[in-house]
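Visitor: Sequence and predicted structure below; questions after.
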Amino acid sequence: MKSAREAADSPVQAEITLAVNGVKHRLTVDTRASLLDVLRERLGLTGTKKGCDHGQCGACTVLLAGRRANACLALAVAHDGADIVTVEGLADEAELSALQQAFIDEDAFQCGYCTPGQLCSATGMVREVASGWPSAVTADPAERPELTAAEIRERMSGNICRCGAYPNIVAAIAKAAG
Amino acid sequence: MRPFTYDRAATAEEAIRLHDGAETLYLGGGTNLVDLMRLGVARPARLIDVTHLSGDLVEDDGEGGLVIGAAVRNSDLAADDDVRRRFPVLAQAVVAGASGQIRNQATVAGNLLQRTRCSYFQNITKPCNKRRPGSGCPAVEGEHHNHAILGHSDACVATHPSDMAVALAALGASIEIRDGDGERSVPFDDLYRLPGDDPSRDSTLKPGDLITAVRVPALGMPSRYRKVRERASFAFALVSIAAALDVVDGTVRDCRLALGGVAHMPWRARRAEEHLRGRPATEESFRDAAQEELAAARPLRDNAYKVPLTTNLIVRTFSQLAEQP
């Protein structure tokens, strides 16, 4: 690596390894590259979407070491060695995950741009509830939460749907998790 | 974004050794820093990743308190059983902030050191004394409906955005800091500073100082966090409060109060606390205590609503705590 002063003038490269949907990739990346840009531009996994690129819309949500995260705010170089699941990795071979099937059954999208992020976020969120994590609408933070509609809405607030498919997204998640 | 070198430190000593001055920044979850780099607000030449140090546990201190590692993710802090049972105000504050994704990424130390969300600070085409000292503060006369009412200056009217830090202020936490000379412990009140004529510095830390842990002493009374915002979720506070109340035979034996969204730092309301101790636990006392604290408020043109809002929030939250078994 170059010294800090040299870096101010020219890009810095780093070698990293990412395990994405079970496949290992060895890559040389610019230290400035986000995980989102590496997934889309380098690995061709365009299911993960770029919405705001500021962590506000959730379209870029992936599962990072099993937890939902905004890929736009993650520097790829900081996740050397990480295990990542994108929307392309949610289905089990030919069979859709219960959440994916529920999104279709409940008509939980219109344009579909936010859907990969919604699916990855909901997948991680259901695990968080199963682990007993509280949310801002859990009446007593010491108690185990239940996956009510209010809990789903609060916990999914990091995913924006500009078509406004929210009622059906809530129904789909409730159906798949119930 | 300016190019930068990246190093992943394995130990606190290594992180401090690698830090070589003002152009170097420590990287936590990156949820604020990466965004600020993309916006051109932060321009480090070097990042040192401090998320792989050993401080990723919440531990009992053996005296009823907690030692929270600097790299603990926000979601792990809120999910910790001891935090939820003994310090509900802290768990509630953490889940009141950001989104599920961001809480999974953000660290405790990063949460403490996040920068203000003042729109002028985040927009490099605008003047801002915090970003470019001496360039001016357009918020004083401009868009400031969500800015400070306490402790601000003509140079800066920004607020500190953290929810978690408001709870830690009320809890009287202390911050463990390490530098090349060793380790020191700083009371929470001394971590942050008011803007005065140098808003460029949010905290009293010097370059290279590394937060390693947050210590929370035993509380032993009911506590609660409440946040008022412009939408139901995933929004910064207009006003928030962290409160704890110990009532014996109808009299306030002890209390804690800190305010968010009102100042350049989490605002420990010591005047209100002092006023309340020894008084009857009534709505009247709570209102008097709130007014005692807010007598110093100097609202801007468009944020005078924060004074009654804060007052009502204090009265309501203490009243609920007084009724809590």
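Guide: Thanks, I have the structure now.
Visitor: residues near the residue in chain B that chain A sits nearest to, how many?
Guide: Nearest residue of chain B to chain A (Cβ to the nearest Cβ) works out as residue B:99 at 2.5 Å. (C-beta placed from N, C-alpha, C; glycine too.) Around residue B:99 there are 26 other residues, counting by other Cβ atoms under 10 Å in any protein chain shown.
Visitor: How about it, nearest residue that isn't a chain neighbour?
Guide: Spatial nearest neighbour of residue B:99, chain neighbours left out: residue A:158 (2.5 Å); criterion: Cβ to Cβ, 6 or more residues apart in numbering or on different chains.
Visitor: Residue B:314 too?
Guide: residue B:290 is the one closest to residue B:314 (Cβ to Cβ, 6+ apart), at 4.0 Å.
Visitor: Backbone dihedrals for that neighbour, please?
Guide: Taking degrees, to the nearest 10, you get phi -60, psi -40 for the backbone angles of residue B:290.
Visitor: What is the burial count for it?
Guide: Neighbourhood size, residue B:290 [other Cβ under 10 Å]: 27.
Visitor: right, and it touches residue B:272 too?
Guide: Yes: between residue B:290 and residue B:272 there is a contact under Cβ atoms under 8 Å: 6.1 Å.
Visitor: Common neighbours of these two, please.
Guide: Common neighbours of residue B:290 and residue B:272 (criterion: Cβ atoms under 8 Å, 6 or more residues apart in numbering or on different chains): residue B:314.
Visitor: Strands of the chain, start to end?
Guide: By default, I'm working from chain A. Per DSSP state E, chain A carries strands over the ranges A:13-20, A:23-30, A:61-64, A:67-70, A:83-85.
Visitor: if you could check chain B rather than the one you did, that'd help
Guide: So, for chain B - with DSSP E - the strands run B:5-8, B:24-27, B:46-49, B:58-60, B:66-69, B:174-179, B:182-187, B:210-216, B:223-228, B:239-248, B:251-260, B:267-268.
Visitor: Any figure for the gap between residue B:230 and residue B:182?
Guide: Going from residue B:230 to residue B:182 by Cβ to Cβ, to the nearest Å gives 44 Å.
Visitor: These two: who's more crowded?
Guide: Applying other Cβ under 10 Å to residue B:230 and residue B:182 shows that residue B:230 carries more neighbours, namely 10 against 7.
Visitor: wait, that one sits on residue B:238?
Guide: Yes: if you go by Cβ under 8 Å, residue B:230 and residue B:238 touch, sitting 6.6 Å apart.
Visitor: number of nearby residues for the residue lying closest to residue B:133 once chain neighbours are set aside?
Guide: Spatial nearest neighbour of residue B:133, excluding adjacent residues (Cβ to Cβ, 6+ apart): residue B:200 at 5.0 Å. As a burial measure, residue B:200 scores 14 neighbours (other Cβ under 10 Å).
Visitor: what's the answer for residue B:27, then?
Guide: 25.
Visitor: so it sits right up against residue B:42, yeah?
Guide: No: counting by Cβ under 8 Å, residue B:27 does not reach residue B:42; the two are 10.7 Å apart.
Visitor: Quick check: buried residues in the lengthiest helix in chain A?
Guide: Secondary structure assigned by DSSP state H gives helix A:115-130 as the longest helix of chain A. Within helix A:115-130, the residues that qualify as buried are A:115-126, A:128-129, counting by 16 or more other Cβ atoms under 10 Å in any protein chain shown.
Visitor: okay if I get those residues as a markdown table plus distance to residue B:207?
Guide: Formatted as a markdown table, these follow (distance: Cβ to Cβ, whole Å):
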| residue | distance to residue B:207 |
| --- | --- |
| A:115 | 44 |
| A:116 | 40 |
| A:117 | 37 |
| A:118 | 41 |
| A:119 | 42 |
| A:120 | 37 |
| A:121 | 36 |
| A:122 | 41 |
| A:123 | 40 |
| A:124 | 36 |
| A:125 | 38 |
| A:126 | 42 |
| A:128 | 36 |
| A:129 | 41 |
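Visitor: of these, list those near chain B.
Guide: For chain B, the contacts drawn from these by Cβ under 8 Å from any Cβ of the partner chain are A:121, A:124-125, A:128.
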